[in-house]
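Student: Structure for the following, please:
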Amino acid sequence: MKTKVIERPQYQLLKQMVRERDTVVFDSITRMGRNMDNTMKEYKWFVENGVQLRFIKEPMINTSNEHDDVMKRAIKTIILTLLTAFAEKEREEIKTRQAEGIAVAKAKGKHMGRPKIEITQEFERAYKQWKDKEITAVEAMKRANVPRSTFYRIVKEYEETLSPQHV
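Tutor: The predicted structure is shown next:
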């Protein structure tokens, strides 16, 4: 399973740019990943490439230039495993609560997503003038008082409601 954190283009760019003996600072281990396996893999990748890691909220898993003895490495591995397991569990719980909240809202008839845009008389006039090539699309947007992305979305919805001979 991939995590959104690892798929981020800027994170991948960071990995391409870091060199041995660089230090990367994370606010928390959860910023590296929330899936235990992937986070452990990412942590290991940095360590194997000689990149030092600093975690502001979990300094006990920071890496260092000095070679830790076997016990210190074992303790860091245990702590890292526990922290990443808790982060993954928390992420799963967030997703579950979010899905439950959406289901409750839908059951209550709440609209999900963008608010529905009313097609106004100003829009209809501007649309007709635009279609008749009397004004530009930019002018139609101004007259309808809607931003570009909204204008084209309304146009699509509006044209879907019209019969073919009106378009």
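Student: Grab the longest helix from the chain for me.
Tutor: Counting residues, the longest helix found in the chain (DSSP state H) is helix 70-107.
Student: and it, what other elements does it pack with?
Tutor: helix 36-48 (3 or more Cβ pairs under 8 Å, 6 or more residues apart in numbering; DSSP states H and E). Where you see a C-beta, it was placed from the backbone N, CA and C, and this is true even at glycine.
Student: which other helices and strands contact the helix it packs on?
Tutor: Checking 3+ Cβ pairs under 8 Å, 6+ apart, helix 36-48 ends up next to strand 52-55, helix 70-107.
Student: Please spell out which residues along that helix are buried.
Tutor: Buried residues in helix 36-48, defined by neighbour count with 16 or more other Cβ atoms under 10 Å: 36, 38, 39, 40, 42, 43, 46.
Student: Please work out the average pLDDT along it.
Tutor: Helix 36-48 shows a mean pLDDT of 94.
Student: gap between it and the chain center?
Tutor: Put simply, helix 36-48 sits 21 Å off its chain's centre (Cα atoms, centre = their mean, to the nearest Å).
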